[in-house]
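Colleague: The following block contains a protein sequence and its predicted model.
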Amino acid sequence: MIEHIIFFKVKSGKDEELHKELRLFCKKAVAEIDGVEYASAGENFCVNSGGHTHGMIIRIRDRKAMESYIAHPIHKKIAGALPAFMESRIVVDYET
């Protein structure tokens with residue numbers, strides 16, 4: 001299993017839009033991308049996060065499924081849309 005974790009710093013005034021886009025993406029990813037086992041996103045409330053305002057976790061079956069996930073049109077669409085809502089991001093991938 002692969003844990004695909006992303007932390008976001010939202011642009012000023014874009015909190016609601018980013019949150020909405022991430023939640024919609026999570027629903028679509030689980031329903032439509034083979035190998036995506038779980039997806040969730042939410043607003044960060046931890047004060048020790050270096051200014052990261054939102055987080056997302058995607059659980060993907062294996063590395064082969066991860067390659068398909070990255071190339072999938074749903075992923076490409078969100079990856080292209082997110083810069084309008086975020087200042088920066090950190091991505092962490094690891095196998096469990």
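Modeller: Sure, I can see it. Numbering: from 1, shown residues only.

Colleague: give me every residue that touches Arg23.
Modeller: Going by CB atoms under 8 Å, 6 or more residues apart in numbering, Arg23 touches Ala41. Heads up, the C-betas are built off the backbone N, CA and C, glycines and all.

Colleague: which stretch of helix or strand covers it?
Modeller: Arg23 belongs to helix 15-32 when assigned by DSSP states H and E.

Colleague: Off-centre distance for that helix?
Modeller: 8 Å (CA atoms, centre = their mean, to the nearest Å).

Colleague: cool, stretch 12-28 as well?
Modeller: With CA atoms, centre = their mean, you get 10 Å for stretch 12-28.

Colleague: average pLDDT across that stretch?
Modeller: Averaging pLDDT along stretch 12-28 gives 94.

Colleague: What residues does the residue most central in space within the chain make contact with?
Modeller: A centroid search over the chain (CA atoms, centre = their mean) returns Met56, at 4.3 Å, as the residue closest to the centre. The contact partners of Met56, taken as CB under 8 Å, 6+ apart, are Ile5, Ile6, Phe8, Leu22, Phe25, Cys26, Ala39, Ser40, Ala41, Gly42.

Colleague: Among these, name the ones in strands.
Modeller: Within the contacts of Met56, residues falling in strands by DSSP state E are Ile5, Ile6, Phe8, Ala39, Ser40, Ala41, Gly42.
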